[in-house]
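Undergrad: Requesting a structural model of the entry that follows:
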Amino acid sequence: MPSRHELPPGDPSHRVRLDKWMWAARFYKTRALSSDEIDLGRVRVNGLRAKPGREVHVGDLVEWRSGPVERTVKVRVLSDIRGPAKVACTLYEETPESVARRAALADRQRLAPEPALSLQQGRPTKRDRRSMQGLRDQAASGPSWNDRWSASMDDR
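TA: A predicted model of the protein is given here:
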């Protein structure tokens with residue numbers, strides 16, 4: 001007996017839209033986000049560009065890109081109800097090629113970290129900005145009157 005979150009594989013009476021299935025499988029936080037990403041052409045089913053209303057069947061290969069990460073999963077169970085993460089991970093099976101691509105990407109990011117992450121200080125404070133502006137103003141205006149001309153006798 002399947003739980004209330006899933007249906008038995010191959011149940012022909014149940015139809016699930018692609019956007020609902022991706023939302024139920026927890027690939028997107030909201031169904032609207034799922035639908036928008038599919039509309040933008042970032043999701044393919046069996047190698048073909050899909051629409052949000054396309055029906056998903058058990059055994060379909062769903063490919064999508066989320067940022068730099070490309071994932072490919074095989075649909076194992078149909079569900080249109082968003083349940084706990086433990087149930088959601090039973091709805092699909094990620095292909096070995098997809099797992100290898102994600103691992104390679106993680107290694108590249110680990111070996112070549114983002115340069116901005118190495119900054120230690122962060123943004124300047126208000127006091128820092130005022131002192132920098134004072135230095136800029138001083139450099140732009142040139143030397144002050146007293147620095148250029150002296151009325152003392154010692155400067156000969």
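
Undergrad: quick one: residue 40 from residue 47, how far?
TA: 17 Å (Cβ to Cβ, to the nearest Å). In short, each C-beta sits where N, CA and C put it, glycine included.

Undergrad: With residue 16 instead?
TA: 20 Å.

Undergrad: okay, the two: which has more neighbours?
TA: Neighbour count, other Cβ atoms under 10 Å: between residue 16 and residue 47, residue 16 has more, with 22 against 7.

Undergrad: For the more buried one, give me its contacts.
TA: With contacts defined as Cβ atoms under 8 Å, 6 or more residues apart in numbering, the neighbours of residue 16 are 24, 55-56, 78-80.

Undergrad: What residues are bridge-paired with it?
TA: When assigned by DSSP bridges, residue 16 has beta-bridge partners residue 56.

Undergrad: What's the separation between it and residue 72?
TA: Taking Cβ to Cβ as the measure, residue 16 and residue 72 are separated by 19 Å.

Undergrad: Kindly report the same for residue 86.
TA: Counting by Cβ to Cβ, the separation of residue 86 from residue 72 is 22 Å.

Undergrad: same thing with residue 123?
TA: When Cβ to Cβ is applied, the distance between residue 123 and residue 72 equals 40 Å.

Undergrad: who's more crowded, these two?
TA: When residue 123 is set against residue 72 and neighbours are counted by other Cβ under 10 Å, the residue ahead is residue 72, at 17 against 7.

Undergrad: quick one on the thing from earlier: buried ones only from the contacts of residue 16, please, as a PyMOL command.
TA: Once 16 or more other Cβ atoms under 10 Å is used to decide burial, the buried members of those can be selected in PyMOL as follows:
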select buried, resi 24+56+78+79+80
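
Undergrad: any idea which of the contacts of residue 16 is closest to residue 30?
TA: Within the contacts of residue 16, proximity to residue 30 (Cβ to Cβ) peaks at residue 24, which comes in at 11.8 Å.

Undergrad: That closest one is in contact with residue 89, isn't it?
TA: No: the pair residue 24 and residue 89 does not pass the contact test of Cβ atoms under 8 Å, sitting 11.4 Å apart.
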